[in-house]
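*Asks:* one predicted model, sequence on top.
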Amino acid sequence: MNFLQRVIIEPFESSYEKFLTFMPNFLTSLALLIVGIVLAAVLRMVFLRIFRAINLDKAAQRLGLFDMLLKGGIRDSLSAFIARIIGWLVIFTFAVVAVQTLKIPTVEHLLERFFLYLPNVFTAAVILLFGYLFSNFFGRAALIASVNAGIQRAGLVGRLVKITVFILSATMAMEQLGIGRDTVLIAFAIIFGGIVLALAIAFGFGGRDIARTYLQRTVGKEKENEENRDDINPL
Amino acid sequence: MADTAIKREDIQARVTRIGKADILVGIPSYNNARSIGHVVRAVQAGLAKYFPDRKTVLVNSDGGSTDGTMDVVHDTTIDDFRSILLSHRVESFSKMTIPYHGIPGKGSAFRTIFEIAQALDVKACAVVDSDLRSITPEWIELLVKPVMEDGYDYVSPLYHRHKYDGTITNSIVYPLTRALYGRNVRQPIGGDFGFSGKLAGFYLSKDVWETDVARYGIDIWMTTTAIANDFRVCQAFLGAKIHDAKDPGADLSAMLYQVVGATFGLMEEYPRTWKSVTRTQPVPVFGFTYEVGLEPVSVNIQRMIDKFTLGARELVPVWENVLSEETLGFLKELADAPQDNFHMPDAVWVDIIYSFALAAHRNLLNKEHLLKSLTPLYIGRTASFVIEAWESSGPEVEEKIENLCGVYEKLKPSFSDRWK
């Protein structure tokens, strides 16, 4: 009898007690999750209407964000995309609170670490977003300025400026995330410095004949242009 | 608001000393020591000869010249009035040289001139460029008399110019302004204007002095503001406009951006006015019209076509946001055309300008990027026009510009409908 009591009934009673203690937490957690899902749907709809009222999609098209979403495989408008993110953020927040309500120590510890890291992810995402916008803006400005200056490789200049600005922002984002902090910085410095050095060496030694020809042609062209310049006064 | 020159104590003291005046002539300048002496003499002679019984003031508004422009203005005077066949007594003539404040540019210089005009309560003003070589005393009479004696508020200049000169004026600003506001002001950005003291006060009341109006945009802004606000406008024939060679370093795309940007900006300000205009009314012309000999203008057509072709090759991703597929297709074909067949028809050009105006209105792109990307198209259009007008005389070229105005007017209703 004692054996049966110790091996089967006592563990069963203990588990049952634990289950009884856990059950209210579980139900609360479930209720929180359901509230979160409903609230997310409501907020998603409200924000969608607000974004459409302030013509966010038009601004997104102007800033090149629409193209960015398309390239990323997202066919939604920016309004719908942000509204959906807000909805998921609400669900995620309620899910986290729901999990914490369960009061499981291991999960609590993991969540704490996760939350400490979350600001870094957010900052990195913002840096990347602005990096993309700036790279588009400066790339286009460089392209137009180069075309108006008559530079034959204008497209290349525009692309180089765009890529450089984006790589710079990606480096900053990775540093923020703490991924290979020093490695990324050093790699960027090496690649960037390397390109400049390679160009200098190529122009100074390997391509000195080309450089000479190029400079002669450019200076010659300037003189020729000066002789053949337009006297048209546009105003 | 930025601090303005009129608030300076020494300027106020000078204004107080002068008290009131009848006529003010303003000369904006920046490093024009070589030519401004002639302009000052012409202005002084004009005021003495045609307005001897009026109290007159000459204001030089300078943008920080380092070549002694202000000293030249200060030292220049007509010692012997008999040399200009003048023997009668002349009412007081004062001269002020003022370094202006604010954004460097012609607009900021004009603002200072307007402020002095308002402070002196003048009846009529005129502004003339400081690099003019062809200005005569008669210009002052022609710019000021319609205001003083005929009650006009704005006198726009009318010049004989070389058939290739004033390409932004001829291909964009004049026909567009005419189609929009229904007044055929032939040189809306001529640079030399006459206006009433009342209009100077009206200009000052507008909050535009920190915008591109403060730069190259001032001329079209003055003309359009006068027309759109129902001020009485006329034109004065001044003969030939010959001035110092343009600065070869001047950035064409910046010029285009400021002038066209100001024109498009004004469309935002007066949509009801220009939408209601359906026909063009003639603007009266003062002065005796005569033919003049003009200095030859050299052009390099191949270089223009090369610049257009480069734009057509590289800027399609930018233009895709603005132009229709049909127009884009035409431009791509034109880029491959040999020089002999290089022709951009009026209808295509007008469609381009209206499309850019709509893109600016809808904020499809950053405004500076949008308008600077117009430069290769403008150069292409200029090349096409030069080829087309190679054998044409001055009057024949004027006829071509008239035809272009007709196309702007014809396409205006559909453009107006798309402007929401």
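*Replies:* Received the coordinates, thanks. Numbers count the residues shown, from 1 in each chain, chains lettered A, B, ... in the order given.
*Asks:* show me the domain layout of the chain.
*Replies:* By default, I'm working from chain A. Here the domain parsing of chain A from automatic domain parsing is A:20-103, A:119-179, A:181-223.
*Asks:* ah, I was thinking of chain B
*Replies:* B:5-286, B:301-388.
*Asks:* so for chain B, which of the domains of chain A sits nearest?
*Replies:* Proximity to chain B (CB to the nearest CB) singles out domain A:119-179 among the domains of chain A, at 4.4 Å. (C-beta placed from N, C-alpha, C; glycine too.)
*Asks:* for the closest one, what is the distance to the chain centroid?
*Replies:* 12 Å (CA atoms, centre = their mean, to the nearest Å).
*Asks:* now the residue of the stretch 101-250 of chain B found nearest chain A: which helix or strand?
*Replies:* Using CB to the nearest CB, the closest approach of the stretch 101-250 of chain B to chain A is made by residue B:168 at 4.4 Å. Assigned by DSSP states H and E, residue B:168 falls within helix B:167-168.
*Asks:* any stretches of the stretch 151-300 of chain B with poor pLDDT?
*Replies:* Scanning the stretch 151-300 of chain B for pLDDT under 70 picks out the ranges B:245-250, B:293-296.
*Asks:* that one: helices as residue ranges?
*Replies:* B:167-168, B:174-181, B:197-204, B:218-228, B:252-269, B:271-276 (DSSP state H, counting those that start in this stretch).
*Asks:* in the helix or strand harbouring residue B:332, what counts as buried?
*Replies:* Per DSSP H and E: residue B:332 is located in helix B:325-335. By neighbour count on 16 or more other CB atoms under 10 Å in any protein chain shown, the buried set for helix B:325-335 is B:327, B:330, B:331, B:334, B:335.
*Asks:* so does the following helix or strand past that helix get close to chain A?
*Replies:* Using DSSP H and E, the helix or strand that follows helix B:325-335 towards the C-terminus is helix B:346-361. No - against chain A, helix B:346-361 shows no contacts by CB under 8 Å from any CB of the partner chain, the least distance being 9.9 Å.
*Asks:* can you give me the buried ones in helix B:346-361?
*Replies:* Across helix B:346-361, burial judged by 16+ other CB under 10 Å covers B:346, B:348-360.
*Asks:* returning to that earlier point: out of the domains of chain A, which comes closest to residue B:388?
*Replies:* Between residue B:388 and the domains of chain A, the shortest gap by CB to CB is with domain A:119-179, which sits at 23.4 Å.
*Asks:* quick one: the helices in chain A?
*Replies:* A:2-4, A:10-53, A:56-63, A:65-71, A:78-101, A:105-148, A:154-177, A:181-201, A:208-227 (DSSP state H).
*Asks:* export the ones you listed to TSV and tack on distance to residue B:392, mean neighbour count and mean pLDDT?
*Replies:* Formatted as TSV, the helices of chain A follow (distance: least, CB to CB, whole Å; neighbours: other CB atoms under 10 Å in any protein chain shown; pLDDT from 0 to 100):
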stretch	distance to residue B:392	mean neighbour count	mean pLDDT
helix A:2-4	117	7	79
helix A:10-53	54	13	90
helix A:56-63	42	17	76
helix A:65-71	45	15	68
helix A:78-101	52	17	88
helix A:105-148	29	16	87
helix A:154-177	34	18	90
helix A:181-201	50	12	75
helix A:208-227	26	11	59
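*Asks:* ok, back up a step: could the domains of chain A go into CSV alongside distance to chain B?
*Replies:* Listed next are the domains of chain A as CSV, based on distance: least, CB to the nearest CB, whole Å:
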stretch, distance to chain B
domain A:20-103, 5
domain A:119-179, 4
domain A:181-223, 10
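*Asks:* make JSON lines from these and add distance to residue B:78 to it.
*Replies:* What follows is those, written out as JSON lines (distance: least, CB to CB, whole Å):
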{"stretch": "domain A:20-103", "distance to residue B:78": "57"}
{"stretch": "domain A:119-179", "distance to residue B:78": "45"}
{"stretch": "domain A:181-223", "distance to residue B:78": "43"}
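*Asks:* of all those domains, which lies closest to residue B:404?
*Replies:* Within the domains of chain A, the stretch nearest residue B:404 is domain A:119-179; the backing value is 24.1 Å (CB to CB).
*Asks:* and that closest one, how far apart are its ends?
*Replies:* Taking CA to CA, to the nearest Å, the first and last residues of domain A:119-179 lie 15 Å apart.
*Asks:* repeat for stretch A:46-60
*Replies:* End to end - CA to CA - stretch A:46-60 spans 19 Å.
*Asks:* outside of it, which residues touch it?
*Replies:* With contact meaning CB atoms under 8 Å, 6 or more residues apart in numbering or on different chains, stretch A:46-60 is reached by A:66, A:69, A:77, A:78, A:79, A:80, A:82, A:83, A:86, B:362, B:363.
*Asks:* the fourth one reaches residue A:65, doesn't it?
*Replies:* Yes - when contacts are counted by CB atoms under 8 Å, residue A:78 is listed as touching residue A:65 (5.7 Å).
*Asks:* give me the phi and psi for residue B:41.
*Replies:* phi -60, psi -40 (degrees, to the nearest 10).
*Asks:* and it, how far from residue B:159?
*Replies:* Distance of residue B:41 to residue B:159, given as CB to CB, to the nearest Å: 20 Å.
*Asks:* with residue A:110 instead?
*Replies:* 80 Å.
*Asks:* for residue B:54, same thing?
*Replies:* Taking CB to CB, one finds residue B:54 at 26 Å from residue B:159.
*Asks:* and residue B:130, which of the three is it?
*Replies:* Of the three states, residue B:130 takes coil according to DSSP: H, G, I helix; E, B strand; the rest coil.
*Asks:* quick one: residues contacting it.
*Replies:* Residue B:130 touches B:27, B:28, B:29, B:30, B:32, B:35, B:36, B:39, B:60, B:69, counting by CB under 8 Å, 6+ apart.
*Asks:* ok, 7 Å please
*Replies:* Counting by CB atoms under 7 Å, 6 or more residues apart in numbering or on different chains, residue B:130 makes contact with B:27, B:28, B:29, B:32, B:35, B:36, B:39.
*Asks:* how about residue B:415?
*Replies:* residue B:354.
*Asks:* any idea how far it lies from chain A?
*Replies:* From residue B:415 across to chain A, the span is 20 Å (CB to the nearest CB, to the nearest Å).
*Asks:* which helix or strand contains that residue?
*Replies:* Counting by DSSP H and E, residue B:415 is found in helix B:394-418.
*Asks:* can you pull the buried residues of that helix?
*Replies:* Buried residues in helix B:394-418 (16+ other CB under 10 Å): B:397, B:400, B:401, B:404, B:405, B:407, B:408, B:409, B:411, B:412, B:415, B:416.
*Asks:* what about it, average pLDDT?
*Replies:* The predicted model assigns helix B:394-418 a mean pLDDT of 92.
*Asks:* what does stretch B:134-143 give?
*Replies:* Per-residue scores along stretch B:134-143 average to 93.
*Asks:* in that stretch, which residues are buried?
*Replies:* B:134, B:135, B:137, B:138, B:139, B:140, B:141, B:142, B:143.
*Asks:* thinking again about what came up before, the helix holding residue B:332 and chain A, any residue contact?
*Replies:* No - Helix B:325-335 is not in contact with chain A by CB under 7 Å from any CB of the partner chain; minimum separation 12.5 Å.
*Asks:* now residue B:67: closest residue in space, sequence neighbours ignored.
*Replies:* residue B:33 (4.3 Å; CB to CB, 6 or more residues apart in numbering or on different chains).
*Asks:* verify the stated contact: residue A:43 with residue A:89.
*Replies:* No - the criterion here is CB atoms under 7 Å, and residue A:43 misses it with residue A:89 at 9.1 Å.
*Asks:* what's the distance between residue B:258 and residue B:352?
*Replies:* For residue B:258, the distance to residue B:352 - CB to CB - is 19 Å.
*Asks:* same deal with residue B:312?
*Replies:* For residue B:312, the distance to residue B:352 equals 12 Å [CB to CB].
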